[in-house]
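> This is the structure alone, sequence omitted:
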């Protein structure tokens, strides 16, 4: 529902958004502009805009916390140049409540309300959406994750393993693998002991490995392995596309016995993902590629806390959070905060499963576990499995050993004395990372 500092009205009539702003003007004045712009206000009062109407429909500033002042603006602003307004530039946290009735259970309009024209306001040289908090009854008007953590565990066959993560990897048919070559790799990964396999985000339906051929070939190998071993392996097929194609491909995955599909959230949009969620029983694996353009500038865009809250309203079951000590720009603290946001319940849903990836191997397991205190994650290792010097099975074993050591509170090197796969991983990957 949101953090404690976003205290909701008891009657459930309003939701709250939390912002960071930068402005050369009075932050209180700017906060009122924000509230008016995103509810019933414009730059002049219009015909029919009565006091009673404004009282019912206007957003309200709930609080302003002054922060630091800086000499230079974070972002250019032509409006301020035209007005000959200069610094210093004051930063502040602003909390605004919006009437639920203004929006209703309409996710695109909710997003437009809390993260729309505010970014273009002439009064600010920086604005970032930090978080949103929704009344429980309002949240329940949107889609819940169909499977969430508990359902994903059941589908992947790891629901009986205490606090065990789903260990997985990424296949890249976009490098030129045909459908049959991809299926052969999936078969080897199943034999190696992974719980989860996903397509790369830039491979959906290429000419060299059409999705329909790939789904049929891959699922044949997955079913054969399950018949032989009794183990289920979850495969997230990337069906990112226009909505009709996504529905069609999701139906194919379901017919072939699959349990999961992956969607590039930012490129498909809220409406398409909502419609997909309502039309398929499969788990939805939400890939956030492109999120960096919304988040890397500290005074622009939105935080992952706000981002994941809105995508949970679309009903996704898994969300990517990057990984500790990975190859991307985020700090470890940001990754951990993202994972914790996913794991926090939101008005009765089952939470969503955070997906750790990019540069992950046995050596990043312990800091991950220590930071979030949970094995309710999908932990993806590409090179951490496939590049292990003793093969993929040894790579998977090294990860399981690292998670066992973390849960037992035993130092990695100590545990590795009796775990040869882990010992080899430390020697191989540790040396490469120095």
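Looks like it arrived, so ask away. Bear in mind the structure is a predicted one, so any value in this text is a computation, not a measurement.

> so when I look at residue 319, I'm seeing a helix, right?
No - assessed with DSSP: H, G, I helix; E, B strand; the rest coil, residue 319 is strand; it does not lie in a helix.

> Any idea what it is bridged to?
Beta-bridge pairing for residue 319 (DSSP bridges): residue 286, residue 354.

> before we move on, what about residue 91?
Beta-bridge partners, per DSSP bridges, of residue 91: residue 22.

> hang on, it packs against residue 22?
Yes - counting by CB atoms under 8 Å, residue 91 does reach residue 22; the two are 4.8 Å apart. Placement of C-beta: from N, CA and C, glycine included.

> anything in contact with each of those two?
Taking CB atoms under 8 Å, 6 or more residues apart in numbering as the criterion, residue 91 and residue 22 both touch 70, 126, 299.

> Mind checking which of those are in strands?
70, 126 (DSSP state E).

> which of the shared contacts of residue 91 and residue 22 tops the neighbour count?
The member of these surrounded by the most neighbours (other CB atoms under 10 Å) is residue 126, with 20 neighbours in all.

> now stretch 271-288: how far from the chain's centre is it?
13 Å (CA atoms, centre = their mean, to the nearest Å).

> next one: stretch 21-38
Counting by CA atoms, centre = their mean, stretch 21-38 comes out at 29 Å from the chain centroid.

> repeat for stretch 154-169
That offset, for stretch 154-169, works out to 19 Å (CA atoms, centre = their mean).

> Please apply the same query to stretch 423-432.
That offset, for stretch 423-432, works out to 30 Å (CA atoms, centre = their mean).

> Can you report the mean pLDDT over the residues of it?
For stretch 423-432, mean pLDDT rounds to 88.

> Quick check: buried residues in it?
Within stretch 423-432, the residues that qualify as buried are 423-426, 428-429, counting by 16 or more other CB atoms under 10 Å.

> One more: stretch 399-407?
For stretch 399-407, the neighbour count (16+ other CB under 10 Å) marks 399-403, 405-406 as buried.

> Of those residues, which belong to strands?
Among the buried residues of stretch 399-407, no member falls in strands (DSSP E).

> Reformat those as CSV; add pLDDT.
Listed next are the buried residues of stretch 399-407 as CSV, based on pLDDT from 0 to 100:
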residue, pLDDT
399, 97
400, 96
401, 97
402, 96
403, 96
405, 96
406, 95
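
> ranges for the helices of the stretch 51-200 of the chain?
Ranges of helices in the stretch 51-200 of the chain, per DSSP state H, counting those that start in this stretch, are 51-57, 78-82, 107-115, 136-139, 148-156, 179-192.

> With mean pLDDT added, can I get the ones you listed in TSV?
Shown next, in TSV, are the helices of the stretch 51-200 of the chain (pLDDT from 0 to 100):
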stretch	mean pLDDT
helix 51-57	64
helix 78-82	95
helix 107-115	97
helix 136-139	93
helix 148-156	94
helix 179-192	96
